[in-house]
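Participant: One predicted model, sequence on top.
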Amino acid sequence: MDQARSTISKIFNGEPHSYTRFNLTQNMEGDTSQVEMKLSSDVDEEVGENGVGDHLNHNSGRKPYVVQKIERTPKNICFLAATTLLIFITGYLIGYFVQQKKDLAPSKAVTILPIGDSDVQVARETGAAPLMNWDDVKKFFAQNLNESKFENTLREFTSDNHQAGSVGDEDLGNKVVNRFKGCDIKTWTDEHFIKVQDLPVSGSNKVTFKGKQESVDGFLSYSATGKAMGAVLYAYYGQENDFRFLQDRNVNMNGRVILVRAGKISFAEKVANAAKVNASAVLIYPDAADYSMDEKIALYGHVHLGSGDPYTPGFPSFNHTQFPPIESSGLPSILAQTITAQMATNIMRELGGQTAPADWGGINKLGDENDIITVEVNNVLAEKKITNVFGVIKGFVDADRYVVVGAHRDAWGAGFAASTVGTSVLIELACVISEMVKRNRFLPRRSIVFASWTAGEYGSVGATEWLEGYLSSLSMKAFSYIDLDGVVTGQSAFKVAASPLLYKLIEGALKEVKSPDDNTVTLFSRYAKGNWEKNVLEPLTMDSAAYPFLAFSGIPSVSFRFTTTSDYQYQYLGTMLDTSEKLNMALSSKTPKVAMVAAQFAGHMVLRLIHDHLLRMDLKNYDNVIRANVAKINQKVIALQRMQSGLLPKALTVQWLISASGSYSRAALLPKALTVQWLISASGSYSRAARGLATDIKNSDLEDIEKCRVINDRIMMVERNFLSPYVSPRTSPFRHILLGSGPHTLKALINHLEVLRMEQPEADTDLFRKQFALATWTIQGCANSLAGNIWSLDNQI
């Protein structure tokens, strides 16, 4: 082998060469194997004992082949000339294409960084720059939007029957696929097999009061089934404070059938609140004070206090998935049914009992123990195949980082405002950005995934099952979600619900997009009214598809809507009257115009997220949220100290109260070292980590694309690190300690302190102690992750 290597070395070292042939032999267990390599086959040679052929005599009379001089014949001269010309042309073409590539390469541009305090904000980024000036991006985006296209798309996707899993739903899904393909967008689908509750095929749900039985058309999916009998009790909107008012009046609620208005909170929350007071059933109706529609109109919805398929909680509903029969903790244990306003009026006219508060509306009595009513719910459980549809526009720098834009396409009936408008905005937004890539040479840095969900009316089932099925794949890849459900129900008001990380992004879009009713002013000028956070922002609720993205998956999310400030908002969501005619009437026939502005607002956020060097997310806002919650906890504890001054040591600023029996005693107090100072320290660690990241950005070379990617990864981890790692996704799926739901949240800790102060039976000091410690360490863990390297951690606990 060494002799062979020496031979090849001589060939490439420029020594006089001749034909060479050699073979390699290797004796393996007595069997001789030979490999022969020929650099020329003109001469056969003898093989020596070592298996390598001898070199030809370099001094032979024959000239070596590789060093023979080329004769200067006319034929050879022409050949050399042609070769020279070919090399010249090839070099020219290479230079041309290299120059073209440079023209498309990133150019430096200005991007304001919103991270950190004002004294360390960076006003300019260089290198790894956007591939197009932001002003040009906005210009091309506006040029490609067309109101007439929205009108056509709204008409194309209007359907009278597209309930989840139906033929109509499947047809709309195919239309979405075809439109994506027509815009040169790569598509794929995702199937799930879910269990839902529907109305019985034969028979109906019934309500019997004072001997009169009535069948009802509307229904609430996921209600308990069977019969319940009890005395009627009116509870206003069924909020926690409404039931607390009844408790303060010593009203017996055990086994009662609760009658409540629709509105203020979700159907699921009303039923959950009633179950807490041991009611037997809940009846929900649209009151004339909130709904001006026909009093015979029925309501449709669901009462699962959660999202996704409640029969596979925390797991995806794939066809091949085998799980033991388990149910979501958010499924109600009591019956729930909607009734018409007419039926509710007939019931309330005959109620006795205590007088209702004056501010509870026109009802006079709350209901007496003798006002017996029977509720019968016969909903049936059915398995359905649902199909989510996706399209993607891939980025040119960080293609594996993407923003998700989604809308559900199913509805109980026509669902024009509920689903058709959002689906149309999704389609047009995807096609416009695709057109920018094809014709305007817009090259997004990151990717965009467009999602058409189904089974949204059952509680964001399609979206949640996708999250559950691909959570590990989405981790550290999906950096934001923009929800398009119900984006247009009016135009006199504008509301946004979002993660605090996205507030700066939202504010920027408000200042750049024009108002739908006045093209001379921006949305900010039209709706902010001096304080946009106060007048535009609203809490993100569980019935929004953005909620599971944020509270379950830890993906910063935003949901927005054009609505109205009048007493009568668009009232037809969740009814069979949600049609194009009703929405056009509410908008004075401006639906396509307002839908286009909704697309502009969503598009500006999407384009910012895929265009800038660094993700436009403001870490300071979460600092403010944490500090506000810490302040509330401190206030509650101070109030508790004053009440329990004989029990709490005065030296403690804040002290936990624990007792196995729930009573207060000196022996039950925690050690003095265990104070709320832990939480204060964790809050301070987060503040310092946020400022530290801003400093790292200021001192970093952002011409390095990989450096930008590392910084963006640190930003993306913030939301995910607010998911408590100490609770099960099956029992407490919304693990976000600041915006989630469950005893692990800071809001629950604040409420628990109030329960402790009032010495209520549900007070559990052991649970409070545990959740307080876990919430504290979750915040500290987020700060540690944000700090970056392990040697940069600020762990002072």
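Facilitator: Structure received.

Participant: shaky segments in the chain?
Facilitator: Scanning the chain with the threshold set as pLDDT under 70 gives 1-73, 75, 92, 95-130, 320-324, 566-568, 641-642, 644-674, 792-797.

Participant: pretty sure Val201 is in contact with Val380, am I right?
Facilitator: Yes - under the contact definition of Cβ atoms under 8 Å, Val201 touches Val380, with a separation of 7.1 Å. Every residue, glycine included, has its C-beta placed from N, CA and C.

Participant: Of these two, give the one with the bigger neighbour count.
Facilitator: Val380 (13 against 7; other Cβ atoms under 10 Å).

Participant: For the more buried one, give the beta-bridge partners.
Facilitator: On DSSP bridges, the residues paired with Val380 through beta bridges are Asp198.

Participant: And stretch 387-405, end to end?
Facilitator: With Cα to Cα, to the nearest Å as the measure, the first residue of stretch 387-405 is 17 Å from its last.

Participant: That one: which residues count as buried?
Facilitator: Of the residues in stretch 387-405, those scored as buried under the neighbour-count criterion (16 or more other Cβ atoms under 10 Å) are 387-393, 395-398, 401-405.

Participant: got it, and stretch 598-614?
Facilitator: Going by 16+ other Cβ under 10 Å, stretch 598-614 has these buried residues: 598-614.

Participant: Kindly report the same for stretch 726-734.
Facilitator: Applying a neighbour-count criterion of 16+ other Cβ under 10 Å, the buried positions in stretch 726-734 are Tyr726, Val727, Pro729, Ser732, Pro733, Phe734.

Participant: ditto for stretch 228-243
Facilitator: Within stretch 228-243, the residues that qualify as buried by neighbour count (16+ other Cβ under 10 Å) are 228, 230-239, 242-243.

Participant: Dihedrals phi and psi, the residue nearest in space to the middle of the chain?
Facilitator: Using Cα atoms, centre = their mean, the residue of the chain that lies closest to the mean C-alpha position is Phe549, 2.9 Å off. Dihedral angles phi and psi of Phe549 (degrees, to the nearest 10) take the values phi -60, psi -40.

Participant: Contacts only, for it.
Facilitator: If you count contacts by Cβ atoms under 8 Å, 6 or more residues apart in numbering, Phe549 has them with Val404, Ala463, Leu467, Tyr481, Asp483, Ile555, Ser557.

Participant: Can you tell me which of these are buried?
Facilitator: Val404, Ala463, Leu467, Tyr481, Asp483, Ile555, Ser557.

Participant: Keep only those of the residues you listed that are in strands.
Facilitator: Under the assignment DSSP state E, these contribute Val404, Tyr481, Asp483, Ser557 to strands.

Participant: nearest to Ser589, of these?
Facilitator: Of all these, Ser589 sits closest to Asp483, with 25.9 Å by Cβ to Cβ.

Participant: Just list whatever residues bridge to Tyr300.
Facilitator: According to DSSP bridges, the partner residues bridging Tyr300 are Phe219.

Participant: Roughly how far does it sit from Glu376?
Facilitator: 18 Å (Cβ to Cβ, to the nearest Å).

Participant: next one: Met343
Facilitator: Taking Cβ to Cβ, one finds Met343 at 14 Å from Glu376.

Participant: Of the buried ones among the contacts of Phe549, which is the nearest to Ser166?
Facilitator: Ranking these by separation from Ser166, with Cβ to Cβ as the measure, puts Ala463 on top at 18.4 Å.

Participant: residues in contact with that closest one?
Facilitator: Ala463 is in contact with Ser307, Asn388, Gly406, His408, Ala451, Trp453, Gly456, Ala545, Pro548, Phe549, counting by Cβ under 8 Å, 6+ apart.

Participant: Would you mind checking which of these is nearest to Gln213?
Facilitator: Gly456 (33.5 Å).

Participant: ok, how many other residues are close to that closest one?
Facilitator: Other residues within reach of Gly456 by the criterion other Cβ under 10 Å amount to 27.

Participant: pretty sure it is touching Trp412, no?
Facilitator: No - taking Cβ under 8 Å as the definition, Gly456 is not a contact partner of Trp412, at 10.7 Å.

Participant: For Leu577, state which of the buried residues of stretch 228-243 is nearest.
Facilitator: Tyr237 (22.2 Å).

Participant: Show me which residues of stretch 762-772 are buried.
Facilitator: Of the residues in stretch 762-772, those buried by neighbour count under the rule 16+ other Cβ under 10 Å are Ala763, Asp764, Thr765, Phe768, Gln771, Phe772.

Participant: Skip the chain neighbours and tell me the closest residue to Phe772.
Facilitator: Nearest residue to Phe772 in three dimensions, chain neighbours excluded: Leu749, at 5.9 Å (Cβ to Cβ, 6 or more residues apart in numbering).

Participant: so Asp169, which of the three states?
Facilitator: Using DSSP: H, G, I helix; E, B strand; the rest coil, the secondary structure recorded for Asp169 is helix.

Participant: ditto for Glu703
Facilitator: Look at Glu703: counting by three-state DSSP, its state is coil.

Participant: so what sits against both of Val201 and Val380?
Facilitator: Both Val201 and Val380 lack any common contact, where contact means Cβ under 8 Å, 6+ apart.

Participant: Relative to Gly352, which of the buried residues of stretch 387-405 is nearest.
Facilitator: Out of the buried residues of stretch 387-405, the member with the shortest distance to Gly352 (by Cβ to Cβ) is Asn388, at 51.2 Å.

Participant: which element is that closest one on?
Facilitator: Taking DSSP states H and E as the criterion, the element that holds Asn388 is strand 380-393.

Participant: cool, and Phe140?
Facilitator: Secondary structure here is read from DSSP H and E; on that basis Phe140 sits in helix 134-144.

Participant: Just the buried positions in that helix, please.
Facilitator: When burial is assessed from 16+ other Cβ under 10 Å, helix 134-144 yields the following buried residues: Trp134, Val137, Lys138, Phe140, Phe141, Asn144.

Participant: Show me how far it is from its chain's centre.
Facilitator: Averaging C-alpha positions (Cα atoms, centre = their mean, to the nearest Å) puts helix 134-144 26 Å from its chain's average.

Participant: Show me what that helix is packed up against.
Facilitator: With contacts taken as 3 or more Cβ pairs under 8 Å, 6 or more residues apart in numbering; DSSP states H and E, helix 134-144 sits against helix 421-439, helix 591-611.

Participant: Distance to Lys620 added to the ones you listed, as CSV?
Facilitator: Output for the helices and strands packed on helix 134-144, formatted as CSV (distance: least, Cβ to Cβ, whole Å):
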stretch, distance to Lys620
helix 421-439, 29
helix 591-611, 18
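
Participant: mind checking which of these is nearest Asn370?
Facilitator: Asn370 lies closest to helix 421-439 among those, at 47.6 Å (Cβ to Cβ).
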